[in-house]
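> here's a sequence, model it:
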Amino acid sequence: MALNEMENLKSDETPRVPVDYVEGILQPTPTCDIWDQIWKFQAKPDDLLISTYPKAGTTWTQEIVDLIQNEGDVEISKRAPTHIRFPFIEWIIPSVGCGLEQAKAMPSPRILKTHLPIDLLPPSFLEEKCKIIYVARNPKDNMVSYFHFQRMNKALPDPGTWEEYFESFLAGKVCWGSWHDHVKGWWNAKDQHNILYLFYEDMKKNPKHEIEKLAEFIGKKLDDKVLDQIVHHTSFDIMKQNPMANYSTLPSEVMNHSVSPFMRKGTVGDWKHHFTVAQNERFNEDYKKKMADTSLTFHFHL
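Residues are numbered from 1 along each chain as shown. Next comes the predicted model:
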């Protein structure tokens, strides 16, 4: 390869994946291109689906669920990186793979992942009465985390400045759409379907209790020792060092950890270091309006 060609491959020059709309929700165009296939995806009754708005504790939950299924055996959870162990059904990165194809090739029982709002979820998941785990995170921390994630992830649009991103997020003009609609849509569906609805803040506050809840939902009875082992292995500091969970195996042309690490802080209340007083007031006013029609409540600090 000529030197100038190698220069062009530098990760900071990798072009961003363009985006388009699916039913009014922004998605990377590779997803839009195969939307019909995604919508027709055939779930199986023993599929377990982990669903979240992006950057709401998805990878953390995946690791916990994997360890519950394997009764705390850490070695089994190191068999492959997260994105290989759990097909991300609507995701497609030409250089990395297609979640839909991965899912189809995977033997049952499968643990799958999605960020889709409930209205865009392939209908077969609800028809087959699949167990679904949904995790919601308070929107201020979620916004901050998503902003930094978009900075480092070339498979998503450039977030622009923090001020610009703040506006995009409030308007729901980010991939996977409005946070407010997402969390409310899944909340409204939880009583009609086989959905366990969890909160990131509860998982931070009392991980053992939430892991126990997850195990019960999945149908596993784990003793105290195994639960403690899972709590330890899925703590932020341990996962941050785990190449099978921290996305460091992806090429830097896709995720550039020198811009911002995939696992950045994993705390509750980091939004206070980003929001100005004026932004916080504006956010609170907007939040009050958009969340007036729901019983859903969030904790913005612990």
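> what's the distance between N206 and L49?
24 Å (Cβ to Cβ, to the nearest Å). Where C-beta positions appear, they are placed from N, C-alpha and C, glycine not excepted.
> over to I118?
Taken as Cβ to Cβ, the span from I118 to L49 is 11 Å.
> checking I64 next. Helix, strand or coil?
helix (DSSP: H, G, I helix; E, B strand; the rest coil).
> excluding chain neighbours, what is closest to it?
T234 (5.0 Å; Cβ to Cβ, 6 or more residues apart in numbering).
> give me the neighbour count for the one you found.
24 (other Cβ atoms under 10 Å).
> got the contact list for it?
Counting by Cβ atoms under 8 Å, 6 or more residues apart in numbering, T234 touches 60, 63-64, 67, 207, 211.
> check it and give its pLDDT.
In this model, T234 is scored at 90, pLDDT.
> thinking again about what came up before, can you put the contacts of T234 in CSV and add distance to W186 and pLDDT?
Output for those, formatted as CSV (distance: Cβ to Cβ, whole Å; pLDDT from 0 to 100):
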residue, distance to W186, pLDDT
W60, 18, 91
E63, 21, 92
I64, 19, 94
L67, 24, 94
P207, 22, 95
I211, 20, 96
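> what residues sit buried inside stretch 196-212?
By 16 or more other Cβ atoms under 10 Å, the buried positions in stretch 196-212 come out as 196-204, 207, 210-212.
> mind listing which of the residues you listed are in strands?
196-199 (DSSP state E).
> residues near T82, how many?
23.
> distance check, it against G24.
29 Å.
> all strands of the chain, in order?
Counting by DSSP E, the strands of the chain are 19-22, 25-28, 48-52, 92-93, 97-98, 111-114, 131-136, 195-199.
> got the contact list for the fifth one?
Right, the one you point to is strand 97-98. Residues contacting strand 97-98 (Cβ under 8 Å, 6+ apart): 34, 83-84, 91-92.
> also the last one?
The contact list for strand 195-199 (Cβ under 8 Å, 6+ apart) reads 61, 131-137, 186-187, 189-190, 210, 213-214, 217, 298-299.
> list only buried entries from those.
Judged by 16+ other Cβ under 10 Å, buried ones among those: 61, 131-137, 186-187, 189, 210, 213-214, 217, 298.
> so where's the stretch 101-250 of the chain shaky on pLDDT?
The model of the stretch 101-250 of the chain has pLDDT under 70 over residues 239-240, 242-250.
> any chance you could map the helices in it?
For the stretch 101-250 of the chain, applying DSSP state H, counting those that start in this stretch gives helices covering 124-127, 139-152, 162-170, 179-189, 200-205, 207-218, 224-233, 236-240.
> nearest to G269, of those helices?
Minimum separation from G269 across the helices of the stretch 101-250 of the chain (Cβ to Cβ) falls at helix 139-152, 7.0 Å.
> helices and strands around the closest one, which ones?
helix 162-170, helix 179-189, helix 277-290 (3 or more Cβ pairs under 8 Å, 6 or more residues apart in numbering; DSSP states H and E).
> so which elements touch the last one?
In other words, helix 277-290. Checking 3+ Cβ pairs under 8 Å, 6+ apart, helix 277-290 ends up next to helix 139-152, helix 162-170.
> all set, thanks.
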